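Engineer: Following is a predicted model, sequence given first.
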Amino acid sequence: MSTRTRPRAHPDDGTTTYREALREGLREALASDDRVFLMGEDVGRYGGCFGVSLGLLEEFGPDRIRDTPLSESAFVGAGIGAALAGMRPVVEIMTVNFSLLALDQILNNAATLRHMSGGQLGVPLVIRMTTGAGRQLAAQHSHSLEGWYAHIPGLRVLAPATVDDARHVLAAALADPDPVLLFEHGSLYNAAGMLDPAVHDVHLDRAAVRREGTDVTIVAYGGCVSKALEAAEAMAGEGISAEVVDLRTLRPLDDATIVGSVLRTHRAVVVDEGWRSGSLSAEIESRIYEQAFFDLDAPVERVCSAEVPIPYARRLEEAALPQPADIVAAAHRVVS
Amino acid sequence: MATAHGGTSARTSQTKRPRRTRGTAATPSRTPAAAHDLDLLRQMLLIRRFEERCVELYSAAAIRGFVHLYIGEEAVAVGVHQALDERDAVVSTYREHGHALARRVPPEAVMAEMYGKATGCSHGRGGSMHLFDGDRRFYGGNAIVGGGLPLAAGLALADRMRGESRVTCCFFGDGAFAEGEFHETANLAALWGLPVLFVCENNLYAMGTALAREHAQTDLAMRAASYGMAAWAVDGMDVHAVEKAARGAVESIRAGNGPHFLEMRTYRFRAHSMYDPDRYRPKNEIEEWKRHDPVTGLADGMRAAGLLDDAALKALDQDVMEEIDRAVRAAEQAPEEAAEDLLLHVTGRPEEAPS
Ligand SMILES: Cc1ncc(C[n+]2csc(CCOP(=O)(O)OP(=O)(O)O)c2C)c(N)n1
């Protein structure tokens, strides 16, 4: 499952990859706060199975870049315990698929302890994990389950989609007094972009309008944001002006930005790499109906993954996932 | 009394519970040892009477939910706590009234939590199974069997990273020993040399499942030792034996020797929970274990040593009962948590976040 690439020592075109941006965020967090440490499977010597933490072991040592055994439940739970004791652990789980082995700790402990203790105990823990498909890794490495986590009160769920968000999200997540889950889409690690020097932080409570438009709102997050932008670009050629809202935070949802955009465009397409049934897209669609029903010119459309375990074969995998063409087709249906 | 397992295993003896008699001092009731025994007895009696009162309150429908009684196991909580101090952390299970009281969480706060009142130690959000006290480093109150074990490793890891000589003590049952949580955590704690005291309360049953029906190898201390930590089996009905083993283990943990494991051989005299008709245990087995009651055991030992007489015991019991009466009265009079406060304590900054 490793898609490890060496970081470019000196990117000559001035761009930064999503992977490098995440690493910069980690480096900054480790350097600025002694309580921060990173732990997970192969985060140290190996450099992280996606290369995010490459080089950090040499810089910060094995106490703070801590390789763990294959024990998702124990090391996630240990992160919770360390957070309870005043540390600021960052726990990396290789992929969301494996996080299910730690689901008990995340849901029954991290998300719940503050409430069950009547507000006495907080769990300021950050859990990073990869999500999503698109690299022909077949079902057990390709699922998008962040919507499940977005179901859980007590958690904050983030899905950085841009290099700027990747660069600054960790600091914001570490400042949160509660457990924060960070979903990094596997297909984004190699994506490169210019870091905006004017951006110094990420607003965790606000979705971002990535492209302004007047005819239809496309709501997307994580790995689907670039697909939504691609679809919007294609439609611009046909004279359809699409606005792209990047959720950025999946829990809590920023209704104000989503609904505000729909009130301007009167049409919406929701893109979600999760399965349609019981998905985050269903929640978003429902909120649009609850809050903007009389302003809609057409029923909301959804573009989600096909209801199958994600297949290995390239053609099948592509067919299972939301693609720019699907987004364009959905937008056509609401605009016509 | 305690059987050692250091790395390589030796077969642990079946539980033996020889009566201990302590040396008789000239003016026994004034010696520190006598005062200590009296304190142990009072604490165990407090747990016993507190829970007996819970049974009454449950029957009267004053308290609800799942209630798991610790009656019969008091020596474990009280004995282990002799080795711990304020700086240490304690992680517990759903059968934690005894642990909480031994941790000196005030009986009023525990009782109010049973009532679901605002003055409860978890502000009415937890109930019997989720007692917490942040100030006393009492981290629950976990109703997922084995769920507290990884937390203990993390609390200890934080101490280890900051160079604190604190110990995290984690109580759990023989049922929890079968969960992956125990094995992942034991491996992690031993691998990293974490200051964790694992206290396995082997009361021979996981709900209705007898030890031999849940474990292929029933010698738990030996299996724990296989992770590379010191492990002992202890007579959990003898508070002095428990205290001695716990002191030794905690001292060794503070000296930097990594996690230690104590298998406390004990027994619960009551059913698993208030809902359990207890059809799976032979009556004579229960009666046999009741002959080794840790409370009367200590009292009898003190009596034999001239440290206690009927009048003193009666006075002690009276004193304990009055403390519980006060806790019950306070809980009954305490305010309910307001329904408008339903959404409190879900996140640390609910006011800022959109829903
Ligand atoms: C993960 C999980 N599985 C099952 C249960 C239901 N359950 C509650 S207590 C219990 C028995 C646990 O036995 P043990 O660990 O020996 O502790 P004891 O109750 O004897 O103190 C079971 C099966 C649960 N609460 N959590």
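Structural biologist: Right, received. Where do you want to start?

Engineer: Quick one: residues contacting residue 231.
Structural biologist: In the absence of a named chain, chain A is used. Residues in contact with residue A:231 (Cβ atoms under 8 Å, 6 or more residues apart in numbering or on different chains) are A:218, A:242, A:324, A:325, A:327, A:328, A:331. (Glycine included, C-beta is placed from N, CA and C.)

Engineer: please go with chain B instead
Structural biologist: Neighbour list for residue B:231: B:4, B:5, B:221, B:222, B:224, B:225, B:260, B:261, B:262, B:263 [criterion: Cβ under 8 Å, 6+ apart].

Engineer: hmm, try it at 6 Å
Structural biologist: B:5, B:221, B:224, B:225, B:261 (Cβ atoms under 6 Å, 6 or more residues apart in numbering or on different chains).

Engineer: neighbours around the residue in the stretch 151-300 of chain A that chain B sits nearest to, how many?
Structural biologist: Relative to chain B, the nearest point of the stretch 151-300 of chain A is residue A:177 (3.1 Å; Cβ to the nearest Cβ). Using other Cβ atoms under 10 Å in any protein chain shown, residue A:177 has 14 other residues around it.

Engineer: and the nearest residue to it once chain neighbours are set aside, helix, strand or coil?
Structural biologist: Of all residues not flanking residue A:177 in the chain, residue B:348 sits nearest, at 3.1 Å (Cβ to Cβ, 6 or more residues apart in numbering or on different chains). Recorded secondary structure, residue B:348: coil (DSSP: H, G, I helix; E, B strand; the rest coil).

Engineer: how close does residue B:348 sit to residue A:249?
Structural biologist: Computed with Cβ to Cβ, to the nearest Å, the distance linking residue B:348 and residue A:249 is 16 Å.

Engineer: Ignoring the adjacent residues along the chain, who's closest to residue A:189?
Structural biologist: residue A:19 is the one closest to residue A:189 (Cβ to Cβ, 6+ apart), at 4.3 Å.

Engineer: Return only those of the contacts of residue A:231 found close to the ligand.
Structural biologist: Contacts with the ligand are made by none of these, judged by Cβ under 6 Å from any ligand atom.

Engineer: Go ahead and build a PyMOL selection from the buried members of the residues you listed.
Structural biologist: With 16 or more other Cβ atoms under 10 Å in any protein chain shown as the burial test, the buried ones among the contacts of residue A:231 are selected in PyMOL as follows:
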select buried, chain A and resi 218+242+324+327+328+331
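
Engineer: Mark which of the contacts of residue A:231 are part of helices, please.
Structural biologist: With helices taken from DSSP state H, the overlap with the contacts of residue A:231 comprises A:324, A:325, A:327, A:328, A:331.

Engineer: just checking, the last one touches residue A:216?
Structural biologist: So that's residue A:331. Yes - Residue A:331 is within contact range of residue A:216, at 5.1 Å (criterion: Cβ atoms under 6 Å).

Engineer: my guess is residue A:157 contacts residue A:181, does it?
Structural biologist: Yes - using Cβ under 6 Å, residue A:157 is in contact with residue A:181, at 4.9 Å.

Engineer: how about the strands in the chain?
Structural biologist: Let's take chain A. A:16-17, A:36-40, A:65-67, A:88-95, A:126-131, A:156-158, A:180-185, A:192-193, A:208-211, A:216-220, A:242-246, A:249-251, A:268-275, A:301-305 (DSSP state E).

Engineer: Chain B was what I was after
Structural biologist: Going by DSSP E, chain B shows strands at B:3-5, B:89-91, B:168-173, B:196-202, B:205-206, B:209-210, B:230-235, B:260-265.
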